[in-house]
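Q: can you look at this prediction? I've put the sequence above it.
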Amino acid sequence: MGVAKSDLQSSQAGTPATPGTATTPGTPSTATGAPAVAAPGSPTTAQTDGGTASGTNQATTPTAPGTPRTAKLRFAPIVGAPIAAATPLSQRLSTLAKEKGITLGTAADTDNTHIMKGYFSALPDGNQTTIIYVWDVLDPAGTRLHRIQGQEKVPGGGTDPWRAVPPKVMEGIADKAIQGYLVWVSGAKT
């Protein structure tokens, strides 16, 4: 599922509706044609020219100050970004979560307290590409508790806007996602 500019709110106050319609992870995004991508802390399977590559990206560390000791975060598969864009994002999410002391869980864990699900779209915008992202923080039952959203602009466009998106931009989005989660989970007002 992709995210359109109209899905973003001018502020994070309130709880806006979930963008678009729900899709099953692993199905193509309607806005970008990109599949859902496995996230940090979950088993990954990537389709490559030479076959399928699998692995696990998991970390468990002590919690950061301000993070409740019982909090355990799992990343759901990323929706809308192709593997080439999602890989630096996922790696940065995992690394930064570990650095910040966030305990990461997997889909097999029954004690996850929060699930973060990211929705991405890249849209040509003149001579630029706009990356729109929405992170929903869910409880284990799938109820949205918090939303982190934003957009980034990068030079370049074309028929495949994801080609214009450098890894550093996706890593920056990961930084904002982790920071937004930490601010929210610590109870700080935003």
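A: On my side now, so go ahead. Numbers count the residues shown, from 1 in each chain.
Q: who does the helix ranked longest in the chain touch, helix- and strand-wise?
A: The longest helix of the chain (DSSP state H) is helix 167-185. Helices and strands touching helix 167-185, by 3 or more Cβ pairs under 8 Å, 6 or more residues apart in numbering; DSSP states H and E, are helix 83-99, strand 114-125, strand 128-138, strand 144-155. Heads up, the C-betas are built off the backbone N, CA and C, glycines and all.
Q: closest to Leu73 out of those?
A: For the helices and strands packed on helix 167-185, proximity to Leu73 was assessed by Cβ to Cβ; strand 114-125 is nearest, at 4.9 Å.
Q: show me what the closest one is packed against.
A: Judged by 3+ Cβ pairs under 8 Å, 6+ apart, strand 114-125 is in contact with strand 73-75, helix 83-99, strand 128-138, helix 167-185.
Q: run the last query once more with 6 Å
A: Applying 3 or more Cβ pairs under 6 Å, 6 or more residues apart in numbering; DSSP states H and E, we find strand 114-125 packed against strand 73-75, strand 128-138.
Q: nearest to Trp184, of the ones you listed?
A: Ranking the helices and strands packed on strand 114-125 by proximity to Trp184 (Cβ to Cβ) places strand 128-138 first, at 6.7 Å.
Q: report the angle between the closest one and helix 83-99.
A: Strand 128-138 and helix 83-99 are oriented at 50 degrees to each other (axes from the mean of the first three to the mean of the last three Cα atoms, to 10 degrees).
Q: strand 128-138 - what's its average pLDDT?
A: Average pLDDT, strand 128-138: 97.
Q: Trp184 - nearest residue in space that isn't next to it in sequence?
A: Spatially, and ignoring its direct neighbours in sequence, Trp184 is nearest to His146 (4.8 Å; Cβ to Cβ, 6 or more residues apart in numbering).
Q: so how many other residues sit close to the one you found?
A: Residues lying near His146 (other Cβ atoms under 10 Å) number 18.
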